[in-house]
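> Need coordinates for the following:
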Amino acid sequence: MQSVQSIDRAFAILEELAADPAGISELSRRLDLPTSTVARLLATLEGVGAVDRLENGSGYRIGSSLVTMASSVDTSQSLLAVAQGAMEDLVEMVAEAAGLSIPVGYDVRYIGQMDCANSVQVRDWTGVSLPMHLVPSGMVILAQWPVAAIDRYLDRKLDRYTTKSVTSPTTIRTRLAEIREKGVFWMEGEFSEDVRSVASPIFDSTGTVVGALHIHGPSYRFPQPTLQNIVTERVRLTASKISADLGYEA
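Predicted coordinates for the structure are as follows:
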């Protein structure tokens, strides 16, 4: 079967960048391709999120969109298996439902939930995908993306689900900076009225964000004011434990 030369070359570039980030000249040397060809292909790959520029501007690396697409293939089941024990402990301690989610493109997809014993519970969101900026699980994942990838996410018309939904890029950037500092984030009523939730990111052995852990409940009872700091720290610590079980070393 005859191959398409530009696709072959694009995959060759991706393979090189997966092994080691590099600039145009270095890739041209490694692949024995003209610098103009490499520059053109990189521009196309960057445009679709398959590669990202390094923050110091010295070259390129595999893009966040490509990473999230690859991680969605088999991450969900392995992540659920690793996280189950920690989630059980968290639900028992907090007495609200806990869930896991993974990034899929510009959405966050809920892959599993562990319910609490409370007779009044928030619905099970397993299988649902939501825009990242509308839920804390999505926000804590988005906060770990490179600046260029965040810029692309925010340079679009952002969905609004409720009157509380935040769609201002400036406000979202401020929130992302807060998440990077604290490692956890609370939201209320931005994707579903009268629901409050908190999330923290999960990382794999390579330091890539592969998902998020969250606890959510009806806003009239969750969390009790005197317990909010405790819940916040417990979610952060549980997410850190799951990350460590995946091989992540902070």
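> which residues does the residue most central in space within the chain contact?
Geometric centre of the chain, nearest residue: Ile141, 2.7 Å, by Cα atoms, centre = their mean. Neighbour list for Ile141: Ser101, Pro103, Val108, Met132, Pro201, Val209, Gly211, Ala212 [criterion: Cβ atoms under 8 Å, 6 or more residues apart in numbering]. Placement of C-beta: from N, CA and C, glycine included.
> Which parts of the chain belong to which domain?
5-62, 66-245 (automatic domain parsing).
> Deepest-packed of the ones you listed, please.
domain 66-245 (a mean of 19; mean count of other Cβ atoms under 10 Å).
> Span of it from start to end?
24 Å (Cα to Cα, to the nearest Å).
> re the thing from before, does the closest residue to the residue nearest to the centre of the chain other than its chain neighbours belong to a helix, a strand or coil?
Leaving out its chain neighbours, the residue that sits closest to Ile141 by Cβ to Cβ, 6 or more residues apart in numbering is Pro103, at 4.9 Å. Recorded secondary structure, Pro103: strand (DSSP: H, G, I helix; E, B strand; the rest coil).
> measure Pro103 to Asn229 for me?
Going from Pro103 to Asn229 by Cβ to Cβ, to the nearest Å gives 28 Å.
> picking up where we left off before, and the residue nearest to the centre of the chain, what element?
Take DSSP states H and E as the rule and Ile141 turns out to sit in helix 136-142.
> next one: that helix to chain centre, how far?
6 Å (Cα atoms, centre = their mean, to the nearest Å).
> any idea how far the next helix or strand after that helix is from the chain center?
Sequence-wise, the next helix or strand downstream of helix 136-142 (DSSP H and E) is helix 147-154. Here the centre of helix 147-154 is set off from its chain's centre by 13 Å, with Cα atoms, centre = their mean.
> Which residues outside helix 147-154 are in contact with it?
Residues contacting helix 147-154 (Cβ under 8 Å, 6+ apart): 46, 49, 52-53, 55, 63-65, 106, 132-133, 142, 145, 169, 172-173, 176.
> Would you mind writing the CA trace of stretch 223-237 as PDB?
Extracted as PDB, the C-alpha positions of stretch 223-237 are listed here (Å, rounded to 0.1, in the frame of the first residue of the first chain):
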ATOM      1  CA  PRO A 223     -19.300  20.600  53.100                       C
ATOM      2  CA  GLN A 224     -20.200  21.600  56.600                       C
ATOM      3  CA  PRO A 225     -18.300  24.900  57.200                       C
ATOM      4  CA  THR A 226     -16.300  23.500  60.000                       C
ATOM      5  CA  LEU A 227     -15.200  20.600  57.900                       C
ATOM      6  CA  GLN A 228     -14.300  22.300  54.500                       C
ATOM      7  CA  ASN A 229     -10.600  22.500  55.300                       C
ATOM      8  CA  ILE A 230     -10.500  18.900  56.400                       C
ATOM      9  CA  VAL A 231     -12.300  17.700  53.300                       C
ATOM     10  CA  THR A 232     -10.000  19.800  51.100                       C
ATOM     11  CA  GLU A 233      -6.800  18.300  52.600                       C
ATOM     12  CA  ARG A 234      -8.300  14.800  52.500                       C
ATOM     13  CA  VAL A 235      -9.100  15.000  48.800                       C
ATOM     14  CA  ARG A 236      -5.600  16.400  48.100                       C
ATOM     15  CA  LEU A 237      -3.900  13.600  50.100                       C
END
